[in-house]
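> Okay, sequence plus prediction incoming.
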Amino acid sequence: MSDDNLKMDADALDGFTAQLNSLIRDGSATMFPASFHGEMGDGGVENAISDMASTDMSIGQRLNNYLSALAGLTGASAKATRDMDKQLADSVTNPPHGKLAQL
């Protein structure tokens, strides 16, 4: 790599992308699975929880769309950073000499 900062930035973006993808997987389950239905002992409580779960799933789907787009952008940013780093490294064919080397 031509620049350790670019590598650290790309690695950080990759890590953030992985965290987002993990969050997306974790957020895709309902908070009131079918196996719980009829187990609450009170129909009113169960209906309220079921309504909350439906709202949660609706919000979750929108959040999932947002997080998926964000994960895609961070992944693309990490790739662009690595590509830029490679391009910079490839463009340097000779080490600097003279006054340029002192900079």
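Good, I have the coordinates.
> Which strands or helices does the strand or helix carrying R62 pack on?
Element membership for R62, per DSSP states H and E: helix 43-91. For helix 43-91, the contact count by 3 or more Cβ pairs under 8 Å, 6 or more residues apart in numbering; DSSP states H and E identifies helix 4-26 as packing neighbours. Glycine gets a C-beta too; all of them are placed from N, C-alpha and C.
> What's the mean pLDDT across the helix it packs on?
In this model, helix 4-26 carries a mean pLDDT of 81.
> could you say what helices and strands it packs with?
Under the contact criterion of 3+ Cβ pairs under 8 Å, 6+ apart, helix 4-26 touches helix 43-91.
> Quick check: buried residues in stretch 80-96?
Judged by neighbour count (16 or more other Cβ atoms under 10 Å), stretch 80-96 contains these buried residues: 81-82, 85.
> Of all the helices and strands in this structure, which has the lowest average confidence?
Lowest mean confidence among the helices and strands of the chain (mean pLDDT, DSSP states H and E): helix 99-102, at a mean of 61.
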